[in-house]
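Engineer: Show me the folded form of this:
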Amino acid sequence: MFRLFALRGLLKGGKLTLRLARDPRVPIWTKLVLGLGILYTLSPLDFVPDWIPILGQLDDAAALAAAISLFVRLCPPEVVEEHERHLGKKKNNNVIEGQARPVDPTNSW
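Structural biologist: Okay, the predicted model is just below:
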């Protein structure tokens, strides 16, 4: 059951990352962070070699997860919120502007 929730969260995070990477409002230097994370994951050069069981793959996964997390944090917050709302990750919390007025206690319905 836990794997299902982890996979669903990974897919939503991947969708958010993909949408942010395609958005022209996200600065190019922010997109470079994501590109460097993907490049490190695909590169044959690693801090921990891939032939070491489990640790080699965890090294790549941790680097990619860190790059995605940093990429999302560096993106403009309003752009991230807009994409999260579109993906259903965040509720639409619109603030209604207005003014308060005193209630007349003598006026009954």
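Engineer: before we move on, which element is the residue sitting nearest the centre point of the chain in?
Structural biologist: Nearest to the geometric centre of the chain sits Val72, at 4.6 Å (Cα atoms, centre = their mean). For Val72, the host element (DSSP states H and E) is helix 55-74.
Engineer: Spatially nearest residue to the residue nearest to the centre of the chain, not counting backbone neighbours?
Structural biologist: Of all residues not flanking Val72 in the chain, Val80 sits nearest, at 6.2 Å (Cβ to Cβ, 6 or more residues apart in numbering). C-betas here are computed from N, CA, C, even on glycine.
Engineer: Count the residues that sit near the one you found.
Structural biologist: For Val80, the neighbour count with other Cβ atoms under 10 Å is 20.
Engineer: where does it land in three-state SS?
Structural biologist: helix (DSSP: H, G, I helix; E, B strand; the rest coil).
Engineer: hang on, isn't it packed against Asp23?
Structural biologist: No. Val80 lies out of contact with Asp23 (Cβ atoms under 8 Å); the separation is 9.5 Å.
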